Structures are given as structure tokens and as C-alpha cells.
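*Asks:* I'd like to go over a predicted model; first the sequence, then the structure.
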Amino acid sequence: GAGVSQTPSNKVTEKGKYVELRCDPISGHTALYWYRQSLGQGPEFLIYFQGTGAADDSGLPNDRFFAVRPEGSVSTLKIQRTERGDSAVYLCASSFWRDTEAFFGQGTRLTVV
Amino acid sequence: KQEVTQIPAALSVPEGENLVLNCSFTDSAIYNLQWFRQDPGKGLTSLLLIQSSQREQTSGRLNASLDKSSGRSTLYIAASQPGDSATYLCAVRPSNTGNQFYFGTGTSLTVIP
């Protein structure tokens, strides 16, 4: 596709459930980022992939959060045992290389009830 | 850790005015700085990317400047239009890690017809 695609656009889940959020980056982009944005705040870094490997996962808040990018393209952010505090907009971005222009998807709004 | 501040937090101007949005950062060791626009409930749209070696970038009615040594960037919007109403975010990418953007909390702009 022409841009970064994220699915689903909205996700409502019950506390304690498992969720997966998908990101399809721009074709050919080797760098992929996940960010989380709470209302009225700027995005906060979660994890960065260069190719298939997680080069920096220092932003993941705890071990309930995990992300993969097995073929160096599509990435999935996985959240186990969701908590109400996980409610936020999860944004994905990609860039050709780590210091080139980054393009963001439309985000997935996660609501944990 | 890099801290990014955007002033003002909110701005309301009549249509046709020229305006300046400010972004400051604490660590001048950066690869680049990127300005984004975010419409309510949407993802981030890239506006301009300035590399650390550049002083400014222009796109249409937008002009972004960078003074790396003083840790400042400005986004100048000429002849503002109601369609410019959005939140504007700046993000810096440190050169010591280069793995993530650090975002400000944004400036919410309203252009009154």
C-alpha cells in the first residue's frame, strides 16, 4: 500500500484478555516503530525494529507487552492480560532507514473495559 | 534523556495570519527533527524533516528552521487557513542512539474563519 496500515482501527477488550495489533509498513522500509499515545500527550516510544530484530525494546512498559516482525515487514504488537491502564492509541511508524523520514499509520485505539 | 517542549500548548488565530510554533529540546546531539500534524482521532502526518546539518526546510506555506546549538526549532505557517487547524508535534531523533523519536506534547492550533 501507499502508506502505513494499522488494523484494527478500534479495539475494545475486557480486562485480562489478550490482544494483537497489526502494522503493515510502507514497502521497502527497514525500520519500524511502535508508539503509544495517551489523550493530550505526545507519543511515547515502545519498540524499534531494524529488519526482523527488535533493536531497541526499552520502551515496553512490562513483560505483558511483546512485539514481533518475523519477516521484516508486518509487525504485531501483543498485549497479554490487558489492564485498563493499557487503554491508549497505539501508533506504528516506518522509515527507509533509522534516520530518514518516518511515516505513521492512523493508529489503533485500544479500550480496555 | 532528551526532553522536548512545545510552546504554546494552544493557539487560536484568525484566518490569514502568519504564525510561529516553537519547539525546544535539551540535548543538541540530534540526527534530525521532524514536524508532524495530527488531526483529532487520527495518526500523524509528516510535514517536514530537517537533518542536523540543515538550517531550514520549506514546503508550500510551511517553513521549519533548526538551531541545533541552542536546541530550538520553529515551524512558520504563512497565511493560515481553517484547514490548518490541528495539533502540531515536533519530534527529535538523538544521534547517540538514533532508535527513537522524542516527542513534545504538541501545539493545538485553531484557525478561525
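*Replies:* Done, it's in. Numbers count the residues shown, from 1 in each chain, chains lettered A, B, ... in the order given.
*Asks:* tell me which residues are up against stretch A:55-75.
*Replies:* Identification of contacts with stretch A:55-75 by Cβ atoms under 8 Å, 6 or more residues apart in numbering or on different chains yields A:22-25, A:27, A:30, A:32, A:34, A:44-49, A:51-54, A:76-83, A:92, B:97, B:99-100. Backbone N, C-alpha and C define where each C-beta goes, glycine included.
*Asks:* restricted to strands, list the residues you listed.
*Replies:* Counted as lying in strands by DSSP state E, out of the contacts of stretch A:55-75, are A:22-24, A:32, A:34, A:44-49, A:53-54, A:76-79, A:92.
*Asks:* so B:Leu89 makes contact with B:Ser46?
*Replies:* No: between B:Leu89 and B:Ser46 there is no contact under Cβ atoms under 8 Å: 10.4 Å.
*Asks:* those two: who's more crowded?
*Replies:* More crowded of B:Leu89 and B:Ser46, by other Cβ atoms under 10 Å in any protein chain shown: B:Leu89, with 26 against 17.
*Asks:* what's the average pLDDT for the helix or strand that contains that one?
*Replies:* Assigned by DSSP states H and E, B:Leu89 falls within strand B:86-94. Confidence over strand B:86-94 (mean pLDDT, whole number) is 95.
*Asks:* how far does that strand sit from the chain's center?
*Replies:* Here the centre of strand B:86-94 is set off from its chain's centre by 5 Å, with Cα atoms, centre = their mean, to the nearest Å.
*Asks:* what strands line up against it, and which way round?
*Replies:* Applying DSSP bridges, strand B:86-94 is found paired with strand B:30-38 (antiparallel), strand B:102-103 (antiparallel), strand B:107-112 (antiparallel).
*Asks:* contacts for the shortest one, please.
*Replies:* Translated: strand B:102-103. With Cβ under 8 Å, 6+ apart, strand B:102-103 has contacts from A:42-45, B:1-4, B:25, B:89-94.
*Asks:* and those, which two are furthest apart?
*Replies:* Put simply, by Cβ to Cβ the two of those set farthest apart are B:Lys1 and B:Leu89, 17.9 Å from each other.
*Asks:* can I get the strands paired with strand B:86-94 in TSV including distance to A:Ser58 and mean pLDDT?
*Replies:* TSV is the format used below for the strands paired with strand B:86-94 (distance: least, Cβ to Cβ, whole Å; pLDDT from 0 to 100):
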stretch	distance to A:Ser58	mean pLDDT
strand B:30-38	18	95
strand B:102-103	13	95
strand B:107-112	28	98
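*Asks:* from A:Val112, how far off is the residue of chain A found nearest chain B?
*Replies:* Going by Cβ to the nearest Cβ, chain B is nearest to A:Gly42 of chain A, at 3.3 Å. Plainly put, A:Gly42 is 21 Å away from A:Val112 if you go by Cβ to Cβ, to the nearest Å.
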